[in-house]
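Novice: I would like the atomic coordinates for the input below:
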Amino acid sequence: LSIDDEVPNYSTWSQNYIRRYGDSEIFDEIFNRIIEEAIAYDFVDLDTVFGDGTHRKANANSRKHENKVVEIVKKHYDDELLEEINKDREEHGKKALKETKDIELAYDEETGELIEGKGTKSIKVSKTDPESGCFHKGEKQKCFAYTNLTFCDRHGFVLHNTVAPGNQHDSVVFHDAYRELLNTYGDSIHNISLDAGFITPAICREIIEDGIRPYLPYKRPMTKKGFFKKYEYVYDEKLDIYICPNNKDLKYTTTNKSGYREYKSNPKDCEGCPFLEQCTQSKNHQKVITRHVWEEYRELADEIRYTPEWKDIYPLRKETIERVYADCKEKHGLRFTRIRGLKKNQQESLIIFGCHNLGKLARMKKRRGLINMTSPNKKERHIRKIVQIYQFA
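Specialist: Numbering: from 1, shown residues only. Prediction:
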């Protein structure tokens with residue numbers, strides 16, 4: 001629309017979502033066409049991608065909701081995890097399990113703290129927009145929102161975006177978004193940089209087994225104040241034991257349904273230990289440490305932090321994906337949405353990130369002298385028009 005054109009009535013646009021765009025892939029085609037143009041001009045660097053999640057406030061009244069108890073959805077890797085658990089139990093002379101216990105990371109809707117839900121979880125469902133999710137993290141305002149999980153390259157071109165309900169943790173949304181990213185760009189991606197919210201054994205395993213190097217930050221241990229951190233207990237891989245700060249052994253007892261090996265101390269060793277108050281508050285004076293069956297993948301990802309490549313790649317996150325979110329929130333309305341429904345918000349997010357890519361494409365063409373502003377031919381006039389529209393927007 002030019003500045004003199006009449007703006008269509010909002011109902012015209014909203015009905016288009018229902019009648020014309022209900023099952024249409026036009027939004028994906030627009031987004032893909034723009035990024036293909038950038039790739040054709042060699043503006044996109046697929047060697048390293050940067051990923052993160054952000055929340056977009058939904059068009060829903062936070063006071064109009066109902067409480068529901070829902071089952072935690074089975075994860076894509078549950079069958080592989082069960083196989084790994086039973087293999088580990090057999091090696092230790094234990095009986096095989098028939099199923100795993102579903103665990104999902106989420107922010108508590110009352111306190112905003114990160115918790116692990118098991119089996120079922122209680123959620124707030126909006127009466128205005130049921131497909132959104134209640135988001136409450138730390139001291140942030142509790143509201144209904146949508147999660148955007150986005151990947152971009154080192155130049156800030158958005159490669160993929162997935163929208164999910166706001167009550168889903170980034171690590172839960174990651175798999176589907178990551179798979180779609182790989183299906184599109186295949187073997188071109190060699191490195192991926194993520195923030196601390198993605199440091200789980202399952203995600204580290206998935207990335208490493210795909211032959212991609214994960215560049216992840218240091219994550220502080222989630223331990224009570226005044227108690228020993230987990231890294232202060234030394235793991236002996238050969239003997240398969242943990243050694244506590246008082247030089248006592250914690251031996252393997254079982255592998256539980258969640259995929260964690262349990263190592264327990266001898267209560268007689270702990271009873272008279274001078275470090276007991278810094279170690280455990282259990283009534284039977286027994287310390288328990290857990291270790292995931294895929295923990296070695298997480299440790300491998302942690303070792304990459306000490307490489308020179310990590311020092312070059314990870315600091316770029318604040319200049320790439322963080323900058324993308326900042327620009328789209330300030331310039332393209334990514335802070336909140338007036339549209340309701342998961343699919344409509346997915347379509348709108350593609351338009352937002354498509355506009356972001358289009359503006360970046362036009363500026364890079366101009367910067368590299370690919371747009372001749374003095375003697376424009378038909379194609380150059382088209383590009384100049386794009387620049388003008390973007391600057392006006």
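Novice: the stretch 201-350 of the chain: strands as residue ranges?
Specialist: Using DSSP state E, counting those that start in this stretch, the strands assigned to the stretch 201-350 of the chain run over residues 213-215, 234-236, 241-243, 249-255, 260-265, 288-292.
Novice: pLDDT wise, what is residue 76 at?
Specialist: On the pLDDT scale, residue 76 is placed at 77.
Novice: right, and it touches residue 174 too?
Specialist: No - with contact defined as C-beta atoms under 8 Å, residue 76 does not reach residue 174; the gap is 10.5 Å. Every C-beta, even on glycine, is put in place using the N, C-alpha and C of the backbone.
Novice: neighbour count: the two, which is higher?
Specialist: More crowded of residue 76 and residue 174, by other C-beta atoms under 10 Å: residue 174, with 22 against 12.
Novice: ok, now which ones touch that one?
Specialist: Counting by C-beta atoms under 8 Å, 6 or more residues apart in numbering, residue 174 makes contact with 51, 149, 198, 203.
Novice: returning to what we had before: deepest of the strands of the stretch 201-350 of the chain, which one?
Specialist: Compared across the strands of the stretch 201-350 of the chain, strand 213-215 shows the largest average neighbour count, a mean of 22 (mean count of other C-beta atoms under 10 Å).
Novice: what's in contact with that strand?
Specialist: So strand 213-215 is contacted by 48, 190-194, 203-204, 207-208, 301, 304, 309-310, 313-314 (C-beta under 8 Å, 6+ apart).
Novice: could you rerun that using 7 Å?
Specialist: If you take C-beta atoms under 7 Å, 6 or more residues apart in numbering as the criterion, strand 213-215 is touched by 190-194, 204, 207-208, 301, 304, 310, 313-314.
Novice: weed out the non-buried ones from those residues.
Specialist: Listed as buried from the contacts of strand 213-215 are 191, 192, 193, 194, 204, 207, 208, 301, 304, 310, 313, 314; burial here means 16 or more other C-beta atoms under 10 Å.
Novice: just the residues you listed: which are in helices?
Specialist: Per DSSP state H, helices hold the following members of the buried ones among the contacts of strand 213-215: 204, 207, 208, 301, 310, 313.
Novice: surely the third one is in contact with residue 297?
Specialist: Yep, that's residue 208 we're talking about. Yes - counting by C-beta atoms under 7 Å, residue 297 is a contact partner of residue 208 at 5.4 Å.
Novice: overlap of the contact sets of the two?
Specialist: Here residue 208 and residue 297 share no contacting residue, scored by C-beta under 7 Å, 6+ apart.
Novice: show me the helices in the stretch 1-150 of the chain, by range?
Specialist: For the stretch 1-150 of the chain, the helices defined by DSSP state H, counting those that start in this stretch cover 10-19, 26-40, 78-91.
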